[in-house]
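1. Pasting the sequence and the predicted model now:
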Amino acid sequence: MFMLMDESPHDRSRYEAWIIPSILYANIGMFILSLLFDPMKMGISLNPLTFLSPKTQSLLLLGATGTLPIDRFGRWWTLIAANFLHGSILHIFFNMMAFYQIAPLIIRQFGGWRMIIIYFVSGVVGFWTSYMAGVSLTIGASAAICGLMGAALYYGKRRNDAYGRMIFGAMANWAICLAVFGFLAPGIDNWGHAGGGVAGAVCAAILGYQEKSPENRWHRVLGAGCVVVTAGVLIWAVVSGGYLRMQM
């Protein structure tokens, strides 16, 4: 049952404390599970880019998204599940490090529930953008993380004082580095990054931030809805993926 009354900052801090660890654990748990789906064939090599990499088949079973799983199998729910899958230990390490650094800023400026909404919507829109661009198979939390970056850029630009300019400059540097890396390194889903970043900025503009519009009951309801939908999709991904794996 959700509390719909306004809450103090102290009350908010009590329930916001679970948000970052829960997203981290969900990503780590899905990564470990993707390795365990086919432990004898996971990537174990001296190449850091492929070290401890799940097999493509395992990622498909657990919810990798793109034109292949959506057009061929109608798996639209993968637009959510793919946000919690990663292709190697290095992939998940860098994504979770970025999330761990950016998420506290978004929670502080927007509130925990609005951070959840931005993260959820940005991930889905980012992968939908990839799908529309014809990307056949894609995974990773970076579309959602780019959404947090987009929200931070919006906040810094709107605030437009010394603190806002500092945030905008820091996030702009991150965005530039990510864009350069995306165009130089193979296999990067630049469509997902761009779609997620734009979605995050748009969400921030619609939802508002704490100094202008304190978090309210509807933000909490929408955020809780995102949590429930995500949990349901991940449970379905694990159960259906495990069933299909046993049939092979």
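-> On my side now, so go ahead. Quantities reported herein were computed from a predicted structural model and do not represent experimental measurements.
2. tell me the contacts of Leu68?
-> With contacts defined as C-beta atoms under 8 Å, 6 or more residues apart in numbering, Leu68 is in contact with Leu60, Ser136, Leu137. (Glycine included, C-beta is placed from N, CA and C.)
3. same thing but 7 Å
-> Residues in contact with Leu68, defined by C-beta atoms under 7 Å, 6 or more residues apart in numbering, are Ser136, Leu137.
4. doesn't it fall inside a helix?
-> Yes - assessed with DSSP: H, G, I helix; E, B strand; the rest coil, Leu68 lies in a helix.
5. so where is the chain shaky, pLDDT-wise?
-> 1-16, 39-51 (pLDDT under 70).
6. buried sites along the lengthiest helix in it?
-> If you go by DSSP state H, the chain has its longest helix at helix 217-246. Residues His219, Arg220, Leu222, Gly223, Cys226, Val227, Thr230, Val233, Leu234, Ala237, Val238, Gly241 are the ones in helix 217-246 that count as buried (16 or more other C-beta atoms under 10 Å).
7. and what of stretch 20-36?
-> For stretch 20-36, the buried set under the neighbour-count rule, 16+ other C-beta under 10 Å, comprises Ile20, Ile23, Leu24, Ala26, Asn27, Met30, Phe31, Leu33, Ser34, Leu35.
8. Phe127 reaches Ala82, doesn't it?
-> Yes - taking C-beta atoms under 7 Å as the definition, Phe127 is a contact partner of Ala82 at 5.6 Å.
9. any shared contact partners between those two?
-> Residues touching both Phe127 and Ala82 (C-beta under 7 Å, 6+ apart) are Thr65, Thr138.
10. Now name the helix or strand holding the residue nearest the centre of the chain.
-> Nearest residue to the geometric centre of the chain (C-alpha atoms, centre = their mean): Ala144, 3.2 Å. According to DSSP states H and E, Ala144 maps onto helix 142-159.
11. How about the secondary structure of Lys211?
-> Let me fix one detail, which is that residue 211 is Glu and not Lys. coil.
12. Relative to Thr138, how far out is it?
-> 36 Å (C-beta to C-beta, to the nearest Å).
13. quick one, which of these two is more surrounded?
-> Neighbour count, other C-beta atoms under 10 Å: between Glu211 and Thr138, Thr138 has more, with 28 against 11.
14. Strands of this structure, start to end?
-> With strands called from DSSP state E, the chain shows none.
15. for the longest helix of the chain, the distance to its chain's centre please.
-> In terms of C-alpha atoms, centre = their mean, to the nearest Å, the centre of helix 217-246 is found 13 Å from the chain centre.
16. again with stretch 76-83
-> Between the centre of stretch 76-83 and the centre of its chain there are 10 Å (C-alpha atoms, centre = their mean).
17. What is the linear distance spanned by stretch 77-91 between its boundary residues?
-> In stretch 77-91, first residue to last residue: 22 Å (C-alpha to C-alpha, to the nearest Å).
18. Give me the contact list for it.
-> Outside stretch 77-91, the residues that touch it by C-beta under 7 Å, 6+ apart are 26-27, 30-31, 34, 43, 48-53, 59, 62-65, 69-70, 92, 95, 123-124, 127-128, 138-141, 143-144, 229-230, 233-234, 236-237.
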